[in-house]
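Asks: here is a sequence with its predicted model. Questions after.
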Amino acid sequence: MQHLSRFAFACASIMLMLLALALLIFGMIDLVAALGRSWHAGRNAILQTISYVVIAVAVFDVAKYFVEEEVIQTSGKKSLGEARASLTKFITTIIIAVFIEGLVGVFETKANEPTEILYPAGLLVVATLIVLSLGAFQRMSVDAEREKKKVGGD
C-alpha cells in the first residue's frame, strides 16, 4: 500500500509540475501577444502574467512538497523540528503567493474598477491571518519541543 501511495503522489506531483510549466508558458505567450497589440494591453497582461507566475510557483512548490514528504521521505517518523520546518517552508510559499496575488489585484482594480477592491483587500487580510497563524503554530510547536525534551530528559 505504501508503494501505491508513493506512486500516486509521484504521478500527482509530475502532473502539478507540468501544469505549472504550462501556466508559465501560457502567461508568457499571452504577454507577448498583448505587447504586440498595444502597450496599454501589455501593461494589463504584465499584471496577469505576474499572477500566473506566482500561482505556478505555488503549484510547483506544492508538487515539490509532495515529492519530498510523500515520495522520497523514507523514515517513518520525523522529529517535531523537522515537521515544523517542512510545514513552515510550505506555508510560507502559500503566504507569499496569496500576498502577491492580493497586491496584483489591488493594482488591477486601481486601474480598472476601484469599487472592486474588496476581493484583493480580502486576500491581503487572509494572508496576514495566515502569517499570524503560522507564528502561533511556530510558538506552540517550539513550546511542545521544549516540553518533550524536558520530559524526555528527566
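Replies: The structure has been received and is ready for your questions.
Asks: how about the helix or strand of the chain with the lowest mean pLDDT: buried residues?
Replies: Sorting the helices and strands of the chain by mean pLDDT, DSSP states H and E puts helix 80-111 at the bottom, at a mean of 83. Neighbour-count burial for helix 80-111, counted by 16 or more other C-beta atoms under 10 Å, picks out 80, 84, 87, 90-91, 93-95, 97-106, 108-109. C-beta: built from backbone N, CA, C; applies to glycine.
Asks: how about stretch 25-32?
Replies: 27, 31.
Asks: using PDB, list the CA coordinates for that stretch.
Replies: Taking Å, rounded to 0.1, in the frame of the first residue of the first chain, the C-alpha atoms of stretch 25-32 are listed here in PDB:
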ATOM      1  CA  ILE A  25       4.200  29.300 -20.900                       C
ATOM      2  CA  PHE A  26       0.600  30.400 -21.300                       C
ATOM      3  CA  GLY A  27       1.400  33.600 -19.300                       C
ATOM      4  CA  MET A  28       4.400  34.400 -21.500                       C
ATOM      5  CA  ILE A  29       2.600  33.800 -24.700                       C
ATOM      6  CA  ASP A  30      -0.300  35.900 -23.600                       C
ATOM      7  CA  LEU A  31       2.100  38.700 -22.600                       C
ATOM      8  CA  VAL A  32       4.000  38.700 -25.900                       C
END
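Asks: with that, I have no additional questions.
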